[in-house]
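Student: structure for the following, please:
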Amino acid sequence: MFCDITGKKIKLNDDRKVSIIARAKEENTLDDFEKVIKTKYNEWKDDPKFSKFITPETLFRPSNFTKYLEQEQPVIDFNKPTIPQELRGNNNPDQWMKK
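Tutor: Numbers count the residues shown, from 1 in each chain. All right, here's what the predicted structure looks like:
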């Protein structure tokens with residue numbers, strides 16, 4: 001999902017997996033992850049100073065994730081699906097990462 005939204009090619013290393021699983025254990029849903037990624041991508045994508053921070057490490061860091069999730073939202077087309085239908089409603093982060 002991260003790569004689909006941002007267009008970045010990243011590898012899902014162990015540190016990134018740990019961070020994603022930790023946020024999921026805090027009862028965040030796949031929709032929450034999508035919201036954070038889309039919000040910060042749309043905010044930072046054209047900003048040379050901040051675009052380098054569109055990374056899983058920044059977005060899913062404990063000190064950032066909730067703050068970004070609760071951020072007032074700009075107008076974003078949330079109707080454009082980025083989460084595969086078979087994963088919607090699935091709160092198992094191990095299965096999210098297989099996609």
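Student: what about the longest helix in this structure?
Tutor: In the chain, taking DSSP state H as the definition, the longest helix is helix 30-44.
Student: what about the residue nearest to residue 44 when sequence neighbours are not counted, how many residues nearby?
Tutor: Ranked by Cβ to Cβ, 6 or more residues apart in numbering and with sequence neighbours excluded, the top spatial neighbour of residue 44 is residue 50, at 4.0 Å. Where C-beta positions appear, they are placed from N, C-alpha and C, glycine not excepted. By the criterion of other Cβ atoms under 10 Å, residue 50 has 13 neighbours.
Student: my guess is residue 50 contacts residue 58. True?
Tutor: No: taking Cβ atoms under 8 Å as the definition, residue 50 is not a contact partner of residue 58, at 9.5 Å.
Student: what about the nearest residue to residue 37 once chain neighbours are set aside, helix or strand, and which?
Tutor: The spatially closest residue to residue 37, leaving aside those adjacent along the chain, is residue 5, at 5.0 Å (Cβ to Cβ, 6+ apart). Using DSSP states H and E, residue 5 falls within helix 2-6.
Student: avg pLDDT for that helix?
Tutor: Here helix 2-6 scores 87 as its mean pLDDT.
Student: same for it, what does it pack against?
Tutor: Secondary structure elements in contact with helix 2-6, counted by 3 or more Cβ pairs under 8 Å, 6 or more residues apart in numbering; DSSP states H and E, are helix 30-44.
Student: show me which positions of the helix it packs on end up buried.
Tutor: Residues of helix 30-44 classed as buried under the neighbour-count rule (16 or more other Cβ atoms under 10 Å) are 30, 32-41, 43-44.
Student: need the residues you listed in JSON lines with pLDDT and distance to residue 67, can you?
Tutor: Conversion of the buried residues of helix 30-44 to JSON lines gives the following (pLDDT from 0 to 100; distance: Cβ to Cβ, whole Å):
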{"residue": "30", "pLDDT": "91", "distance to residue 67": "19"}
{"residue": "32", "pLDDT": "93", "distance to residue 67": "13"}
{"residue": "33", "pLDDT": "93", "distance to residue 67": "14"}
{"residue": "34", "pLDDT": "92", "distance to residue 67": "17"}
{"residue": "35", "pLDDT": "93", "distance to residue 67": "13"}
{"residue": "36", "pLDDT": "94", "distance to residue 67": "9"}
{"residue": "37", "pLDDT": "93", "distance to residue 67": "14"}
{"residue": "38", "pLDDT": "92", "distance to residue 67": "15"}
{"residue": "39", "pLDDT": "92", "distance to residue 67": "11"}
{"residue": "40", "pLDDT": "94", "distance to residue 67": "10"}
{"residue": "41", "pLDDT": "93", "distance to residue 67": "16"}
{"residue": "43", "pLDDT": "92", "distance to residue 67": "13"}
{"residue": "44", "pLDDT": "93", "distance to residue 67": "14"}
